[in-house]
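1. Just a sequence and a predicted model for now, questions to come.
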Amino acid sequence: LQGYSDRVLQFKNRTLYIINVAGGLGEEYVESEHANMGVANPSQVCLTEFGVAWVNAGGVYLYDGSEILDMTTEKLQLTDTTDRAKALNMTEANVPSIGYLPSKKWLVVHAASNVSTAFDAEAWVHDFRSKTWSYTKEFTADADHKTNMVIAADNELIFAAGTNSNNPNFFKYGDPTSNS
């Protein structure tokens with residue numbers, strides 16, 4: 001569940017339900033149902049000042065309070081097996097994750113958080129100011145399992161990663177342009 005404006009977005013594995021709660025207690029109703037817009041894990045949804053963003057195998061989306069915007073169609077390929085820097089390459093089995101860095105107005109998308117492959121180090125960054133996507137490999141090392149992304153007390157986007165939960169490393173997001 002993620003609230004925005006006077007709506008609650010309820011994510012199921014395959015379906016998104018947008019619930020209107022503007023009328024008050026007992027007057028809420030399902031405003032719309034969207035097939036293939038669901039997520040498998042809470043790490044696939046985040047709140048931004050622009051709305052609710054999420055990632056699934058179909059792409060990256062934003063609900064702005066009135067409509068769902070597809071942020072990847074005609075901007076990024078969904079898959080490319082020969083050059084991963086050209087495509088999102090998302091699969092639900094690899095548990096993609098998403099977070100928002102308010103100070104830079106970046107939406108950060110990791111292709112995988114639970115696997116020990118080169119996908120672990122990859123991320124796509126959407127800059128809301130320039131409306132562009134950048135590819136980076138700077139955020140973490142291979143073989144690191146990642147937590148969900150959170151905004152720290154200093155308003156920075158961080159996540160923990162490591163090979164086990166007893167000794168995680170914490171990462172803060174930097175400038176992706178050096179690896180785009």
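-> Received it, and whenever you're ready, just let me know what you need. Residues are numbered from 1 along each chain as shown.

2. Work out for me the element the nearest residue to M71 once chain neighbours are set aside sits within.
-> Distances taken as CB to CB, 6 or more residues apart in numbering place V60 nearest to M71, at 4.5 Å, with adjacent residues excluded. Quick note: C-beta positions are derived from backbone N, CA and C, even for glycine. Using DSSP states H and E, V60 maps to strand 59-63.

3. and that strand, what does it pack onto?
-> Where contact means 3 or more CB pairs under 8 Å, 6 or more residues apart in numbering; DSSP states H and E, strand 59-63 is packed against strand 51-56, strand 68-70.

4. Would you mind finding the most buried of those strands?
-> strand 51-56 (a mean of 24; mean count of other CB atoms under 10 Å).

5. Name the spans of the chain whose pLDDT lies under the cut-off.
-> 76-93, 112-121, 138-144, 163-165, 174-180 (pLDDT under 70).

6. Next, the buried residues of stretch 24-37.
-> For stretch 24-37, a neighbour-count test (16 or more other CB atoms under 10 Å) marks H34, M37 as buried.

7. The most centrally placed residue in the chain pairs with what?
-> Compute the mean C-alpha point of the chain, and by CA atoms, centre = their mean the closest residue is I98, 2.2 Å away. In this entry, I98 is beta-bridged to V109, by DSSP bridges.

8. hang on, it packs against A53?
-> Yes - between I98 and A53 there is a contact at 5.9 Å, judged by CB atoms under 8 Å.

9. D127 contacts T136, doesn't it?
-> No - using CB under 8 Å as the test, D127 is too far from T136 to be in contact (11.9 Å).

10. Who has more neighbours out of those two?
-> T136 (20 against 16; other CB atoms under 10 Å).

11. For that one, give its distance to G58.
-> 22 Å (CB to CB, to the nearest Å).

12. dump the residue contacts of the residue nearest to the centre of the chain.
-> 43-46, 53-55, 60, 107-110, 149 (CB atoms under 8 Å, 6 or more residues apart in numbering).

13. still on that earlier bit, of all the helices and strands packed on strand 59-63, which one comes closest to R14?
-> Closest to R14 of these is strand 51-56 (CB to CB; 9.0 Å).

14. ok, S5 - contacts?
-> Contacts of S5 (CB under 8 Å, 6+ apart): G65.

15. roughly how far apart are it and L47?
-> In this view, S5 and L47 are 11 Å apart by CB to CB.

16. Same check on N94?
-> N94 is 23 Å from L47, by CB to CB.

17. Who has more neighbours out of those two?
-> N94 (18 against 15).

18. Hmm, E122 and that one touching each other?
-> No - judged on CB under 8 Å, N94 makes no contact with E122 at a distance of 10.7 Å.

19. how would you label S103: helix, strand or coil?
-> Taking DSSP: H, G, I helix; E, B strand; the rest coil as the rule, one finds S103 in the coil state.
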